[in-house]
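J.: Have a look; sequence and predicted model below, questions after that.
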Amino acid sequence: MLHCPRSLARTIAQAGLILATGTCSALAADPTGDWRVADGVANIRVAQCNGNMWGVVSWEKTPGGRDSNNPDPARQNRPTLGMPILLAMKKKPGVDAWEGQVYNAKDGQTYSSTIKPVGTDQLEIQGCVLGFLCGGETWARVGPPIPSSPANSMAKGTKASPAQPQAAAPAPKTTGSTAPAQKQAAVQPKDSVGDICLLADVAGSTR
């Protein structure tokens, strides 16, 4: 039997612990993906677009919402589905946090904000008005991290196309009744947002 000196074994164990810790930190530091807001009324899809983090409403508990409290009358009729919430958030040096602005459709105001992943399944959101009246909440992960795509890395000045819904999965083959497949298709949520970097409000701000 091969034996390792105790000091060598300790070094190997410490190296493994450091490697595991570094891997967990890398996973924990990814704020991309879909997140359920604290009161459960919407999901926010976060992705990196031209180096900044953006978050857009990707699902609504009550469909058909409008941005009626927007101070800009021209935007008061825009759908809240697909509306940017986290705006051009930049990575803070030396920490796993991003800072920028958050739009609150409930009052039509934009706040200074910071997002910070907590573990792999929570995202802390903090926002302040003019440096005070700060508050925050924690969102829960409902979708996996989003890898960078060609759309997420578009060169500035590239003309963006309207967002396209993700392709639906092919229907499973059946040999008998189609009722189970139809029932399964009926419960699948439709993704009408797709890659948020292609949305006009996001693409227009990242050129």
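T.: Noted; the coordinates are in hand. Numbering: from 1, shown residues only.
J.: going forward, measure contacts and count neighbours with C-alpha atoms only.
T.: Will do.
J.: neighbouring strands for the strand or helix carrying residue 48, and are they parallel or not?
T.: Assigned by DSSP states H and E, residue 48 falls within strand 42-49. According to DSSP bridges, strand 42-49 forms sheet pairs with strand 33-36 (antiparallel), strand 52-60 (antiparallel).
J.: and of those strands, who's closest to residue 120?
T.: Of all the strands paired with strand 42-49, strand 33-36 sits nearest to residue 120, with 10.7 Å by CA to CA.
J.: rewinding a little: make JSON lines out of the strands paired with strand 42-49 and add distance to residue 205.
T.: Shown next, in JSON lines, are the strands paired with strand 42-49 (distance: least, CA to CA, whole Å):
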{"stretch": "strand 33-36", "distance to residue 205": "20"}
{"stretch": "strand 52-60", "distance to residue 205": "10"}
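J.: List the residues that contact residue 43.
T.: The contact partners of residue 43, by CA atoms under 8 Å, 6 or more residues apart in numbering, come to 34, 35, 36, 37, 57, 58, 59, 60.
J.: Please pick the buried ones from those residues.
T.: 34, 35, 36, 37, 57, 58, 59, 60 (16 or more other CA atoms under 10 Å).
J.: ok, so of these, who is nearest residue 73?
T.: For the buried ones among the contacts of residue 43, the nearest to residue 73 is residue 57 (20.3 Å; CA to CA).
J.: What's opposite the closest one in the beta bridge?
T.: residue 44.
J.: ok, residue 198 to residue 205 distance?
T.: Applying CA to CA, to the nearest Å, the value for residue 198 to residue 205 is 11 Å.
J.: Which one's more surrounded, these two?
T.: Taking other CA atoms under 10 Å, residue 198 and residue 205 do not tie; residue 198 has more neighbours (21 against 12).
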